[in-house]
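> Got a sequence here, can you model it:
(2 chains)
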Amino acid sequence: DTAVSQTPKYLVTQMGNDKSIKCEQNLGHDTMYWYKQDSKKFLKIMFSYNNKELIINETVPNRFSPKSPDKAHLNLHINSLELGDSAVYFCASSQEGQGCYTFGSGTRLTVV
Amino acid sequence: GENVEQHPSTLSVQEGDSAVIKCTYSDSASNYFPWYKQELGKGPQLIIDIRSNVGEKKDQRIAVTLNKTAKHFSLHITETQPEDSAVYFCAASHRDDKIIFGKGTRLHILP
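Numbering: from 1, shown residues only, chains lettered A, B, ... in the order given. Down below sits the predicted model:
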């Protein structure tokens, strides 16, 4: 299936731990994103990568570090997790110049 | 930077009636306005979009209108059905690599 797939779907972890979320797209898109959706459903962009290069880095704590080993993958590593990091994280991709995003199904992160 | 306001935050509509969701944007340079539908437990999915050189676009039961002068755009859903129940997001962009979302409208279709 052509899609944006992210793993894991659910992640429950304790405060202070380090965790990673992986994202892969097989759509041939050259731009990938991470969005955070809080409990009120607000969607806020965190990072954007184009052909493995960081092009958008919103005001996000430096405990969050994206890594793009190739243009089909964009992983998100989070250090020293805090309660406020609990949210649903969405990966998305798009083709440069087209603006239409394809989203993954989300990773629900719960920090306890 | 761009700011997108979306109203209402919640909308309940009788099945078969029409639903309208309205958005305003702040950056006059914005030229691309997509609408996304998010069903429970899923990621947002593009349902329709419009570019600034067009005032209206229709796809079956959904339509979007754009007023560039007033910086308003709206989503219209006619003959609503139970499967239309979801959260809808408007968005605006003048750079394809960064779209700014509204805060969402939770649409309930009442039987």
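> The one residue in chain B that gets nearest to chain A in helix, strand or coil?
Nearest residue of chain B to chain A, counting by C-beta to the nearest C-beta: residue B:43, 3.3 Å away. For every residue, glycine as well, the C-beta is placed using N, CA and C. Classification of residue B:43 using DSSP: H, G, I helix; E, B strand; the rest coil returns coil.
> Pull the contacting residues for residue A:63.
Residues in contact with residue A:63 (C-beta atoms under 8 Å, 6 or more residues apart in numbering or on different chains) are A:78, A:79, A:80, A:81, A:82.
> switch the cut-off to 10 Å
A:18, A:77, A:78, A:79, A:80, A:81, A:82, A:85 (C-beta atoms under 10 Å, 6 or more residues apart in numbering or on different chains).
> May I have the predicted confidence score for it?
Each residue has a pLDDT score; the one for residue A:63 is 95.
> Kindly report the same for the one 5 residues further on.
The predicted structure scores residue A:68 at 92 on the pLDDT scale.
> Skipping adjacent residues, who's closest to the residue of chain B closest to chain A in space?
Distances taken as C-beta to C-beta, 6 or more residues apart in numbering or on different chains place residue A:103 nearest to residue B:43, at 3.3 Å, with adjacent residues excluded.
> Confirm for me that the one you found is in contact with residue B:34.
No: with contact defined as C-beta atoms under 10 Å, residue A:103 does not reach residue B:34; the gap is 11.7 Å.
> who touches both of the two?
B:44, B:46.
> Quick check: beta-bridge partners of the closest residue to chain B within chain A?
Going by C-beta to the nearest C-beta, chain B is nearest to residue A:103 of chain A, at 3.3 Å. Note on residue A:103: beta-bridge partners by DSSP bridges are residue A:92.
> Many thanks, I have nothing further to ask.
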